[in-house]
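Undergrad: pasting a predicted model and its sequence here:
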Amino acid sequence: MAFSATAFYNKTTDAILPVNVSPSSGFANIVANAATLENKGLEFSLEPTWVKTSSGFVWSTNVLWSNYRNKVLSLSGAESVFLTGGGFSDGSSRAVEGHPVGVLWGTYYNQNADGTYVLDENGFPKLAPKEGVIGNPNPQYRIASATRFRFKGFTLYALFDMQPAARCGTVLAAHW
């Protein structure tokens with residue numbers, strides 16, 4: 001049986017990002033050392049071996065729990081930096097000061113004092129005149145569990161991976 005625990009903290013200064021500049025410069029943006037980011041996390045792993053025979057058959061499993069956090073500490077004065085998305089739709093992924101990297105940026109809906117949406121004459125929510133952070137796609141934590149069967153150079157491996165508010169998936173692979 002094996003157990004491991006890991007914790008980390010890292011602060012990155014002068015991260016390279018595209019930064020918007022005045023259109024009168026002839027450019028839409030420049031690539032600059034413009035961001036300070038903070039990354040931290042925890043990871044725990046447990047790996048028991050359930051069966052190990054003299055003929056070479058081995059069955060083992062692994063359970064992993066991880067929690068990673070990042071935060072944009074500074075963008076050299078910019079409100080947000082475009083990362084991906086946008087185009088013909090409203091939403092995009094951005095680096096926004098005080099938020100995790102990759103938050104979703106878009107238009108809010110107008111809301112009443114009680115939190116309900118202000119509706120137009122057709123019953124659809126009315127868009128607010130401002131944009132901002134509308135979501136965070138980063139999971140709160142991740143859990144993975146794997147099982148491995150080995151016998152005479154052949155390995156059968158199955159993995160189950162889960163993260164809150166995301167799809168669960170299973171991977172089956174054979175190696176020889």
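TA: Structure received. Residues are numbered from 1 along each chain as shown.

Undergrad: low-confidence bits of the protein, can you list those?
TA: The model of the chain has pLDDT under 70 over residues 85-90, 165-176.

Undergrad: show me where it has its strands.
TA: For the chain, the strands defined by DSSP state E cover 2-20, 29-47, 49-52, 58-74, 80-85, 92-96, 103-109, 127-135, 142-151, 154-162, 169-175.

Undergrad: which helices and strands does the shortest one pack with?
TA: Secondary structure elements in contact with strand 49-52, counted by 3 or more C-beta pairs under 8 Å, 6 or more residues apart in numbering; DSSP states H and E, are strand 58-74. Any C-beta I mention is one placed from the backbone N, CA and C, and that applies to glycine too.

Undergrad: do the fifth one as well
TA: Contacts of strand 80-85 with other secondary structure elements, assessed using 3+ C-beta pairs under 8 Å, 6+ apart, are made with strand 2-20, strand 92-96.

Undergrad: so for that strand, what gets flagged as buried?
TA: 80, 81, 82, 83 (16 or more other C-beta atoms under 10 Å).

Undergrad: tell me, what residue is most central in this protein?
TA: For the chain, residue 138 is the residue whose C-alpha lies nearest the centre (C-alpha atoms, centre = their mean; 3.4 Å).

Undergrad: measure that residue to residue 164 for me?
TA: Residue 138 sits 10 Å away from residue 164, going by C-beta to C-beta, to the nearest Å.

Undergrad: what of residue 44?
TA: Going from residue 44 to residue 164 by C-beta to C-beta gives 17 Å.

Undergrad: neighbour count winner among these two?
TA: A count of neighbours by other C-beta atoms under 10 Å puts residue 44 above the other of residue 44 and residue 164, at 14 against 9.

Undergrad: make sure that one is actually in contact with residue 64.
TA: Yes. Residue 44 is within contact range of residue 64, at 7.2 Å (criterion: C-beta atoms under 8 Å).

Undergrad: hmm, who's touching stretch 138-151?
TA: For stretch 138-151, contacts defined as C-beta atoms under 8 Å, 6 or more residues apart in numbering pick out 55-68, 70, 100, 102, 155-166.

Undergrad: grab the nearest non-local neighbour of residue 28.
TA: Closest residue in space to residue 28, ignoring its immediate chain neighbours: residue 20 at 6.8 Å, by C-beta to C-beta, 6 or more residues apart in numbering.

Undergrad: export stretch 28-37 as PDB, just CAs?
TA: C-alpha atoms of stretch 28-37 as PDB (Å, rounded to 0.1, in the frame of the first residue of the first chain):
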ATOM      1  CA  ALA A  28      -5.500  45.700 -31.400                       C
ATOM      2  CA  ASN A  29      -3.100  44.300 -28.700                       C
ATOM      3  CA  ILE A  30       0.500  43.700 -27.800                       C
ATOM      4  CA  VAL A  31       2.000  40.700 -26.100                       C
ATOM      5  CA  ALA A  32       3.500  41.800 -22.800                       C
ATOM      6  CA  ASN A  33       4.700  40.600 -19.400                       C
ATOM      7  CA  ALA A  34       1.500  41.900 -17.900                       C
ATOM      8  CA  ALA A  35       0.200  39.500 -15.300                       C
ATOM      9  CA  THR A  36       0.900  38.200 -11.800                       C
ATOM     10  CA  LEU A  37      -0.800  34.900 -11.000                       C
END
